[in-house]
Structures are given as C-alpha cells and as structure tokens.
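Undergrad: Any chance you can model this:
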Amino acid sequence: MCEKKVTPMTKGKFSTSPQERYLEDYVEGDIHELGPVAITEDEIVRFGKTFDPQLFHTDPEGAKNTVYGGLIASGWHTCGLFMRLFVQHYLPGRASLGSPGVDELRWLKPVRPGDELTLRITVHRVKPSRSKPDRGVLFSFCEMLNQQRDVVATMMAMNLIRYRDRG
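TA: The predicted structure is shown next:
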C-alpha cells in the first residue's frame with residue numbers, strides 16, 4: 001500500500017455559498033479542504049454488513065486475524081463519506097447537473113475506527129461544453145486525508161455544472 005504523506009497547502013475560498021455557486025466560481029488550481037468527519041466502529045460494521053460483508057469490515061474480533069490486523073472501513077464507505085462532504089460543501093446546489101463518473105479511484109491506506117477524515121479538493125480543470133454553452137465539466141482531484149494527514153483515498157471527479165450567465 002502507498003504511504004503518501006501530505007502537508008497543508010494554501011486553500012482557496014469560495015465567494016459564494018453552495019446554493020449560489022456556478023461553474024465560473026471554480027478557479028483552476030484552488031484547493032479546498034472540507035471536514036473533518038469521524039468514523040466509528042459501529043458505522044464501519046453496519047456499512048460492511050449491509051454493503052461489503054467481508055470479515056475485516058464486519059467483525060472486529062475476526063478482523064484481528066486478517067492482513068489488516070483489525071477492523072477497517074470499506075472503500076465504498078470512505079467514498080460515501082467523501083460524497084457527503086463533496087455535496088454539502090463543494091458542489092453547487094442549483095447548478096449541479098450530475099456526474100458522468102469518476103476516474104482513477106484509489107484506496108491507498110486503511111480507514112480505521114476513530115479516524116477523522118478531511119476531504120481536500122483541487123480544482124483541476126474547468127472545461128466549457130462545446131455543444132451546450134450554458135454548462136461545462138468541472139474536473140476535481142479529490143484526496144481523503146486521515147488525522148495524520150496521510151492520503152487514504154484519491155479520485156478524479158467529473159461534474160456537469162451550469163454557468164451563471166450563459167445560455
């Protein structure tokens with residue numbers, strides 16, 4: 001597993017709330033940090049039993065005898081926590097038109113009970129649509145960090161977003 005360590009960076013600041021945000025409010029190169037959000041043993045087990053019933057996600061005692069040496073969150077659970085922060089604090093409320101998906105999703109380090117996760121987002125690219133001038137695609141490089149600032153997961157998110165003053 002990759003043990004990438006990160007350091008704090010200069011953070012961008014939106015001049016608008018999520019409800020008032022449009023594509024032109026995202027500046028390439030800006031970095032936004034959101035969170036933290038804590039994860040508990042009960043949440044890990046409940047999610048694991050419901051969506052990813054592997055021993056190391058569902059049984060704290062049994063997980064001690066796995067390669068992880070203890071209970072870990074499902075990567076999909078980590079993605080769910082990412083999505084909550086992403087939607088509540090980063091995506092525009094009215095201007096969001098959904099997503100065609102994510103690229104390069106990676107789970108780099110286990111997430112364990114008691115971890116506090118922060119989402120760091122770098123505005124990677126803003127690409128206007130060629131066929132629909134009222135919108136474009138926002139590419140956001142996303143990293144989930146634990147309380148030691150270790151990167152535990154990464155992905156490149158793509159979102160379709162309207163412009164404020166076009167079309």
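Undergrad: going forward, measure contacts between C-alpha atoms and count neighbours the same way
TA: Noted.
Undergrad: how about the helices in this structure?
TA: Listed in chain order, the helices of the chain (DSSP state H) span 41-51, 55-58, 60-63, 75-89.
Undergrad: among the ones you listed, which is the most enclosed?
TA: helix 55-58 (a mean of 24; mean count of other C-alpha atoms under 10 Å).
Undergrad: other SSEs contacting that helix?
TA: Under the contact definition 3 or more C-alpha pairs under 8 Å, 6 or more residues apart in numbering; DSSP states H and E, helix 55-58 sits against helix 41-51, helix 60-63.
Undergrad: average pLDDT for that helix?
TA: Averaging pLDDT along helix 55-58 gives 98.
Undergrad: show me the contacts for the nearest residue to residue 58 once chain neighbours are set aside.
TA: Excluding its sequence neighbours, the residue lying closest to residue 58 (C-alpha to C-alpha, 6 or more residues apart in numbering) is residue 45, at 4.5 Å. The neighbours of residue 45, taking C-alpha atoms under 8 Å, 6 or more residues apart in numbering as the test, are 57, 58, 59, 73.
Undergrad: can you tell me which two in those are farthest apart?
TA: The most widely separated members of these, counting by C-alpha to C-alpha, are 59 and 73 (11.2 Å).
Undergrad: picking that back up, quick one: the helices and strands packed on helix 55-58 as CSV, columns for distance to residue 24 too.
TA: Formatted as CSV, the helices and strands packed on helix 55-58 follow (distance: least, C-alpha to C-alpha, whole Å):
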stretch, distance to residue 24
helix 41-51, 37
helix 60-63, 46
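Undergrad: Among the ones you listed, which comes closest to residue 94?
TA: Set against residue 94 and scored by C-alpha to C-alpha, those come closest in helix 41-51, at 29.9 Å.
Undergrad: beta partners for residue 151?
TA: When bridges are called by DSSP bridges, residue 151 pairs up with residue 145.
Undergrad: Hmm, it is touching residue 142, no?
TA: No. Assessed by C-alpha atoms under 8 Å, residue 151 is found out of contact with residue 142, at 10.1 Å.
Undergrad: and the residue sitting nearest the centre point of the chain, what does it touch?
TA: The centroid of the chain falls nearest to residue 82 when counting by C-alpha atoms, centre = their mean (3.3 Å). Going by C-alpha under 8 Å, 6+ apart, residue 82 touches 119, 144.
Undergrad: Repeat that for the one 4 residues further on.
TA: Counting by C-alpha under 8 Å, 6+ apart, residue 86 touches residue 119.
Undergrad: That'll do, ta.
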